[in-house]
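*Asks:* I'll drop the sequence and a predicted model, then ask my questions.
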Amino acid sequence: MEAATAGEVSVQDEAVDKSTFKKCNQIAFYRRQKLLCPGKSSYRALLDSVTLSDENVKFQIIHEETKVLLQVEIYEIEGNIFRLKIDEASPLRARYKVPDVLIKEPTTQRLFISQEEAGILALSSVNGDYKLQVTADPFQVELQSEGETVMSMNSNGLLYFEHLQPPPSDRKPTAQSEEAASDYFKEKQEDLGLWREKFGSFLDIKAHGPSSVGMDFSLHGYDHVYGIPQHAETLLLKNTSDGDAYRLYNLDIFGHKIHDKIGIYGSVPLLLAHKPNRTSGIFWLNSSETLVDISTKAVAEHTSSRSAAETAKQRAVPLTDVRWMSESGIIDVFLLMGPTAFDIFRQFAQLTGTQALPPLFSLGYHQCRWNYEDEQDVKAVDAGFDAHDIPYDVIWLDIEHTDGKRYFTWDKKKFQNPRKMQEHLKKKKRKLVVIVDPHIKVDPTYTLYSQAKDKGYFVKDRNGQDFEGICWSGSSCYLDFTNPEVRKWYADQFAFKTYKGSTNILFVWNDMNEPSVFKGAELTMQKDAVHYNNWEHREVHNLYGFYQQMATAEGLIRRSSGKERPFVLTRSFFAGSQKYGAVWTGDNTAEWSYLKISIPMLLTISLAGISFCGADVGGFIGDPEPELLVRWYQAGAYQPFFRGHSNMESKRREPWLFGEKNTQIIRKAIRERYVLLPYLYTLFYRAHTAAEPVMRPLWVEFPGKTETFDVEYEYMLGNALLVHPVTEKEAKTVSVLLPGSEEIWYDFRKFKRMEDAGTLKIPVTLENLPVFQRGGTVIPLKTAAGKSTEWMIDISYELHVALDTEACAIGELYVDDGHSFQYLHKKQFLYRKFTFHKNILTSSCADESGQYQTSCVVERVIVLGFGKQPTFVTASSKGGKEKEVVFTYDTKTSALTLGNLALSVDADWEICIN
């Protein structure tokens with residue numbers, strides 16, 4: 001690699017010492033909250049203050065010692081959601097309330113008082129399914145469904161609320177010696193970090209003093225909890241010990257450790273709890289640094305005896321306590337009552353939005369590295385894919401493509417004619433993605449910098465000057481994306497006339513947006529930096545990347561006058577980021593353990609509403625051995641976002657550089673991905689319209705099967721495919737759980753029915769990855785892969801119909817133009833339903849509101865698990881005449897193949913097997 005030029009930064013600067021980051025005990029608000037131990041709460045509800053409106057129920061609670069009043073508001077929201085808000089009744093100044101994450105103010109339903117007795121307020125929902133019981137002393141809230149307690153709040157007395165106070169210097173001194181008081185204050189202050197907090201050489205000045213909030217929730221009957229990404233951790237959340245809470249604080253941790261609860265690039269404060277008959281969720285809407293403690297235990301539950309002779313029985317039932325602790329803001333929490341996992345996904349999407357529908361090209365394969373050197377390099381890599389007959393859609397340019405890390409520019413030597421380069425890629429029906437980071441080089445001759453500076457668009461430091469930090473471009477300022485005016489201005493920078501050298505095949509990658517500040521505390525921005533409306537950075541930290549991606553996506557939409565769907569990949573994210581594009585798991589390492597952990601990491605992100613997620617194939621840091629690279633391609637081909645990426649210091653690793661045999665296997669994996677795209681695109685349409693995750697843990701599909709609850713190295717892709725990536729070196733077999741004794745599973749490639757369900761040892765070679773199709777499903781595929789997605793528009797379809805125990809199957813296909821918003825504005829789409837029942841396969845319309853012309857046909861149908869060889873098969877389109885169909889039947893696998901069908905995708909038809 002070249003030596004970094006003066007004022008720039010080298011990759012070594014990013015390799016960090018772990019002591020750069022705080023352990024929980026080094027976080028002052030965590031230490032303060034942990035001084036409050038489980039027990040009787042100091043808060044009492046003032047039930048004579050209750051007011052009821054169509055919107056909510058309000059009352060006050062008082063802290064028995066400090067006498068501070070808090071205002072509690074309880075809402076019931078349409079669709080089995082409850083919201084609990086707690087704020088100071090009369091704060092010294094307004095406290096931060098997270099804006100822009102909820103897509104709209106939720107529609108509320110009136111709660112009714114069902115009974116009032118001394119010290120208890122019972123509220124019930126409109127339909128009477130749910131009861132909320134508020135106990136006055138000590139204050140706690142219990143949420144019941146059909147007489148059973150599902151969740152209780154503050155039952156461990158851990159409600160914690162630091163009310164805003166004037167700074168110590170403004171307070172009236174008392175008669176006692178001020179000196180003694182100030183010494184005592186200093187000592188206490190150092191330990192509790194109330195007004196100033198030190199970490200290493202960094203000092204955080206808290207202009208408004210301590211403002212931490214926290215609360216405990218007990219989940220009754222649950223001992224499996226999931227969610228709260230992003231951590232390099234197991235799917236099933238673990239019990240935390242003192243000083244080892246799950247941390248939600250977006251940080252740039254290069255080569256992060258595995259099995260560590262430190263927060264990495266993104267945060268979604270959504271936790272899911274699951275038991276066989278119910279799934280519940282807690283969405284803690286707070287964008288300041290947040291820590292989550294989890295404790296699962298068995299508690300004795302008394303069952304009342306029917307007669308005096310019968311002694312009361314005891315049974316042990318699980319209980320999970322979850323304690324949320326945030327540095328600032330208010331308590332604003334949504335209780336998602338399910339009762340199914342799919343209900344939870346819908347409820348969360350109703351609040352924060354669904355996954356944006358990606359342009360089809362972005363579901364193809366992406367080739368990236370830090371860095372493709374110049375235009376010649378880009379052309380050579382592009383040609384390499386064609387020469388080796390490997391499909392791909394997008395080539396990526398990292399930071400070196402710019403003029404000295406000035407984003408929205410090009411290196412004049414290496415990329416002399418970026419427009420011509422893009423025209424070349426466009427002719428090949430391919431796209432380009434470039435990196436656009438949020439740090440702006442301090443350089444008065446750089447237009448972006450000088451404009452932003454003149455307009456006051458940068459985040460300020462605590463003294464009101466532009467905050468300056470070191471990043472790739474050397475000394476840099478950071479755009480304040482929390483300001484809507486800055487976002488609008490930023491979006492305008494993507495206009496073709498403004499972003500010189502950009503064309504309509506250029507899309508964007510937002511990196512380093514935690515934000516990353518190389519010489520900052522924990523390599524991020526000082527918490528006392530100041531944003532729009534005078535909010536400190538501590539309040540908005542976890543929203544920074546969310547806002548940059550929002551502005552970037554808006555810019556890409558605007559440059560096409562609202563016609564084209566954007567593609568934006570972001571490293572940092574929050575709840576609701578799904579509305580703006582894709583995320584990835586960040587700077588992973590080329591080791592087997594990182595391939596393995598990527599599966600639970602992606603499942604956790606998917607559970608939190610962000611379906612479009614992936615991990616760098618091959619590992620970003622280091623050099624993967626060929627076997628690991630091959631296994632990573634095979635895994636990535638069956639995950640939502642599929643990108644190969646590598647660090648500047650790693651050896652080149654285009655897919656054809658590892659010998660003919662490995663090239664062949666990687667080619668096969670990538671082609672499988674392309675053939676599967678109709679199914680994947682349909683899953684993304686489901687994610688977009690119904691909030692169903694594309695990649696899901698087994699328990700989501702098999703909620704009653706307890707053996708699936710902790711499975712994290714295999715997953716479902718939609719409801720039809722079970723995938724078990726090979727994550728062990730030199731593996732000869734893989735242990736696969738095929739759930740459900742009543743389910744039938746088929747080998748996805750060989751079409752053979754698996755002998756039985758349960759845990760099976762599946763033999764593997766380097767060439768294969770265990771993938772199984774579930775009986776009862778129909779998967780649409782393309783009959784061949786093309787050079788890129790755009791080359792495949794007219795390639796015909798085939799359907800894989802896997803029969804269940806009743807010899808039935810059902811599936812769907814979604815088709816549109818793959819790139820515009822016409823599906824939305826003009827209803828230009830096809831949504832087809834395929835049903836196999838009583839030996840007849842029918843194609844019908846699943847959504848009459850959509851229409852789309854396509855000349856594409858279904859060419860082939862393969863029926864898996866068809867009992868015996870048929871005598872003859874006929875096909876007929878609606879209003880057309882019947883024609884006989886050629887077929888072959890494989891007695892070994894019981895697979896029936898129907899060929900030369902030429903049945904229109906956009907028409908109703910049926911195939912009868914006699």
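*Replies:* The structure has been received and is ready for your questions.

*Asks:* Could you use CA atoms for every contact and neighbour count after this?
*Replies:* OK.

*Asks:* Might you list the low-confidence residue ranges for the stretch 251-400 of the chain?
*Replies:* Across the stretch 251-400 of the chain, residues meeting the criterion (pLDDT under 70) sit at 302-313.

*Asks:* Please enumerate the strands of it.
*Replies:* For the stretch 251-400 of the chain, the strands defined by DSSP state E, counting those that start in this stretch occupy 270-275, 278-284, 290-303, 313-326, 331-336, 365-367, 394-397.

*Asks:* right, and the ones you listed - which one's nearest residue 85?
*Replies:* strand 331-336 (4.5 Å; CA to CA).

*Asks:* Tabulate the CA atom coordinates of the closest one in CSV.
*Replies:* Provided in CSV are the C-alpha atoms of strand 331-336 (Å, rounded to 0.1, in the frame of the first residue of the first chain):
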residue,chain,number,x,y,z
ILE,A,331,-38.8,6.6,28.8
ASP,A,332,-40.8,5.8,25.7
VAL,A,333,-41.4,2.1,25.3
PHE,A,334,-43.7,0.1,23.0
LEU,A,335,-44.9,-3.3,24.2
LEU,A,336,-45.6,-5.4,21.1
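
*Asks:* Quick one: distance of it to the chain centre.
*Replies:* 19 Å (CA atoms, centre = their mean, to the nearest Å).

*Asks:* Mind listing residues that contact it?
*Replies:* Applying CA atoms under 8 Å, 6 or more residues apart in numbering, the set of residues contacting strand 331-336 from outside is 80-87, 213-214, 280-286, 344, 347-348.

*Asks:* Where does residue 824 fall, secondary structure wise?
*Replies:* Using DSSP states H and E, residue 824 falls within helix 822-825.

*Asks:* after that helix comes which helix or strand?
*Replies:* strand 830-837.

*Asks:* For that next one, buried residues please.
*Replies:* 830, 831, 832, 833, 834, 835, 836 (16 or more other CA atoms under 10 Å).

*Asks:* excluding its backbone neighbours, what's nearest the fifth one?
*Replies:* Right, the one you point to is residue 834. residue 843 (4.7 Å; CA to CA, 6 or more residues apart in numbering).

*Asks:* same deal with the fourth one?
*Replies:* In this structure, residue 833 finds its nearest non-sequential neighbour in residue 812, 4.5 Å apart by CA to CA, 6+ apart.

*Asks:* Also residue 81?
*Replies:* residue 336 (4.8 Å).

*Asks:* and the one you found, how many neighbours?
*Replies:* 26 (other CA atoms under 10 Å).

*Asks:* any idea how far it lies from residue 771?
*Replies:* Residue 336 sits at a distance of 33 Å from residue 771 (criterion: CA to CA, to the nearest Å).

*Asks:* How about residue 413?
*Replies:* Counting by CA to CA - residue 413 and residue 771 are separated by 47 Å.

*Asks:* Below-threshold pLDDT in the chain: ranges please.
*Replies:* Ranges of the chain meeting pLDDT under 70: 1-18, 171-190, 302-313.

*Asks:* The helix or strand residue 716 falls within packs against which elements?
*Replies:* Take DSSP H and E as the rule and residue 716 turns out to sit in strand 715-717. Using 3 or more CA pairs under 8 Å, 6 or more residues apart in numbering; DSSP states H and E as the contact test, the elements touching strand 715-717 are strand 695-696, helix 698-701, strand 721-723.

*Asks:* quick revisit: looking at residue 413 and residue 771, which has the bigger crowd around it?
*Replies:* residue 771 (22 against 11).

*Asks:* pretty sure the more buried one is in contact with residue 720, am I right?
*Replies:* No - counting by CA atoms under 8 Å, residue 771 does not reach residue 720; the two are 10.3 Å apart.

*Asks:* May I ask which helix or strand encompasses residue 547?
*Replies:* helix 544-559.

*Asks:* Identify the residues contacting stretch 66-78?
*Replies:* Here stretch 66-78 has contacts from 55-63, 82-90, 106-111, 125, 163, using CA under 8 Å, 6+ apart.

*Asks:* from these, which would you call buried?
*Replies:* Buried among the contacts of stretch 66-78 (16+ other CA under 10 Å): 55-63, 82-89, 108-111, 125, 163.

*Asks:* Filter these down to just the ones in strands.
*Replies:* The strands, defined by DSSP state E, take in 57-63, 82-88, 108-109 from the buried ones among the contacts of stretch 66-78.

*Asks:* Nearest to residue 783 among those residues?
*Replies:* residue 82 (47.8 Å).

*Asks:* can you pull the contacts of that closest one?
*Replies:* Contacts for residue 82 (CA under 8 Å, 6+ apart) come out as 74, 75, 76, 334, 335, 336, 337.

*Asks:* And these, which two are furthest apart?
*Replies:* 74 and 337 (14.7 Å).

*Asks:* Between those two, point out the one with more neighbours.
*Replies:* residue 337 (24 against 21).

*Asks:* show me what contacts the closest residue to that one other than its chain neighbours?
*Replies:* Among residues not flanking residue 337 along the chain, residue 280 sits closest, at 5.0 Å (CA to CA, 6+ apart). Neighbour list for residue 280: 272, 273, 274, 335, 336, 337, 338, 339, 340, 341, 344 [criterion: CA under 8 Å, 6+ apart].

*Asks:* what's the answer for residue 774, then?
*Replies:* Neighbours of residue 774 in contact, by CA under 8 Å, 6+ apart: 719, 720, 721, 722, 743, 744, 745, 746, 802, 804.

*Asks:* for residue 892, same thing?
*Replies:* residue 752.

*Asks:* Quick check: which element contains it?
*Replies:* Here residue 892 is assigned to no helix or strand, by DSSP H and E.

*Asks:* returning to what we had before: TSV please, covering the contacts of residue 774 and showing distance to residue 612 and neighbour count.
*Replies:* Below are the contacts of residue 774 laid out as TSV (distance: CA to CA, whole Å; neighbours: other CA atoms under 10 Å):
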residue	distance to residue 612	neighbour count
719	17	21
720	18	20
721	17	22
722	18	29
743	28	15
744	29	23
745	27	29
746	27	23
802	27	31
804	30	20
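
*Asks:* Quick check: residue 527 vs residue 197, distance?
*Replies:* Residue 527 is 10 Å from residue 197, by CA to CA.

*Asks:* list residues touching both of these two?
*Replies:* residue 204.

*Asks:* Can you tell me who the spatially closest residue to residue 220 that is not a sequence neighbour pairs with across the strands?
*Replies:* Distance criterion CA to CA, 6+ apart; nearest residue to residue 220, sequence neighbours excluded, is residue 319 at 4.9 Å. With DSSP bridges applied, residue 319 shows beta-bridge pairing to residue 220, residue 297.

*Asks:* Thought residue 618 was touching residue 629, still the case?
*Replies:* Yes - taking contacts as CA under 8 Å, residue 629 lies within contact range of residue 618: 4.9 Å.
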